[in-house]
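Colleague: test case, fold it:
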Amino acid sequence: MHKGQAKKELKRQLNALFKSMDFVSKNFLNNEKISKRKLQVYFNIYQQLGLAWEYLGLQCSHWDGYKRTRDKKVACKICGKIRGTDDFYILLSKKGPKKMGMKAKPNSKKTFETKKDAEIINDTIDFYGALVNVDVHNSYKSSVLGQGISIAAERIVNVKEENVECSIDQRLIHVRLRYKDRKPGKKKYGGFPWEIKRKHLEHFPVIFDFDEKYRFLGLTILK
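Modeller: Take a look at the predicted model:
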C-alpha cells in the first residue's frame, strides 16, 4: 500500500473510531439513568476504543501537519496525537525487517550529575527468546569505593542468547559464556593468545579468521 492509500485508509478508520467513542461517551458515560454496573461496562468499552486509537496513531506519519487545540496544545490533524509526546506502544510488522527508532549516540560533552540525567536511551527487547539491550548515555558522575569519578559517554549494545552474552561498545567487543556450574567468587583470568602456554590453549575451542596480511577478521567459538 503506497502513501496515498495508507493515508486515506487511516483517515477512514480513525473517523469511524472517533464516531464510536463519541457515541459511547454521549449515550452511556454521560447518562445518569443507567446503573453503575452498566456504566462500568461502557467505561471499559471506551477504554478499549482508546487503546485502538493508540495503535492507529502509531501508523500515522502526521502527513497533514498539526493544529492548535482549545487547551493551547498542538495536535496532529489526522490522528489527534499531541506533538512531542512519547508513544507508549511500538508497532512492528509481522513479516520483513523490524525497525525501532533511530540509531542513538552520545550527544553532549557535558558531564551530568547522575546516570539518569545522562541517559539517552536504555531499552530492551525480547525477540523470539533473544534479549537485546541498547544503552546510550552521556558522561556522568559516579562514586566507586567512595571516590568520585566520571563515567565516559558510551553506546553499548548487549545481546543474550541462552548462556552466551555479547557486549559491543565503541572500543571493545566482549563475548561471555555463563556456566551454571561455575560458582560465584571464583577467579577469572585474561590474556592475549601469545601469553598463554600452548598446552593451555588446547582447552580453548576458538578459531581465528584472518586475511593474507594476518589482519583479524573475526572468530568462531565452538560450544
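
Colleague: grab the most central residue of this structure for me.
Modeller: Asp123 (4.0 Å; CA atoms, centre = their mean).

Colleague: distance of it from Pro184?
Modeller: Separation of Asp123 from Pro184 (CB to CB, to the nearest Å): 28 Å. (C-beta placed from N, C-alpha, C; glycine too.)

Colleague: can you check Gly129 too?
Modeller: Gly129 is 25 Å from Pro184, by CB to CB.

Colleague: these two: which has the busier surroundings?
Modeller: Between Gly129 and Pro184, counted using other CB atoms under 10 Å, Gly129 has the larger neighbour count: 8 against 4.

Colleague: look up phi and psi at the residue of the chain positioned farthest from its centre.
Modeller: Most distant from the centre of the chain: Lys33, at 45.9 Å, with distances by CA atoms, centre = their mean. With angles defined as degrees, to the nearest 10, Lys33 sits at phi -90, psi -20.

Colleague: so Thr69 touches Ala75, yeah?
Modeller: Yes: counting by CB atoms under 8 Å, Ala75 is a contact partner of Thr69 at 5.2 Å.

Colleague: what touches both of these two?
Modeller: Listed as contacting both Thr69 and Ala75 by CB atoms under 8 Å, 6 or more residues apart in numbering are Ile82.

Colleague: show me which of those two is the more surrounded one.
Modeller: When neighbours are counted by other CB under 10 Å, Ala75 comes out ahead of the other of Thr69 and Ala75, with 17 against 11.

Colleague: what residues does the strand or helix carrying that one touch?
Modeller: When secondary structure is defined by DSSP states H and E, Ala75 falls within strand 74-76. Applying CB under 8 Å, 6+ apart, the contact partners of strand 74-76 are 57, 60, 62, 64-69, 81-84.

Colleague: could you single out the nearest of those residues to Val24?
Modeller: Gly57 (18.6 Å; CB to CB).

Colleague: phi first, then psi, for the closest one.
Modeller: Dihedral pair for Gly57: phi -60, psi -30, per degrees, to the nearest 10.

Colleague: who touches it in this structure?
Modeller: Gly57 neighbours (CB under 8 Å, 6+ apart): 76, 79-81, 87.

Colleague: how near is the closest residue to Gly129 other than its chain neighbours to Tyr128?
Modeller: In this structure, Gly129 finds its nearest non-sequential neighbour in Glu161, 7.6 Å apart by CB to CB, 6 or more residues apart in numbering. Here the distance between Glu161 and Tyr128 works out to 10 Å (CB to CB).

Colleague: care to break this protein down by domain?
Modeller: 3-76, 115-221 (automatic domain parsing).

Colleague: most packed of those?
Modeller: domain 3-76 (a mean of 13; mean count of other CB atoms under 10 Å).

Colleague: quote the end-to-end distance of it.
Modeller: 17 Å (CA to CA, to the nearest Å).

Colleague: all set, thanks.
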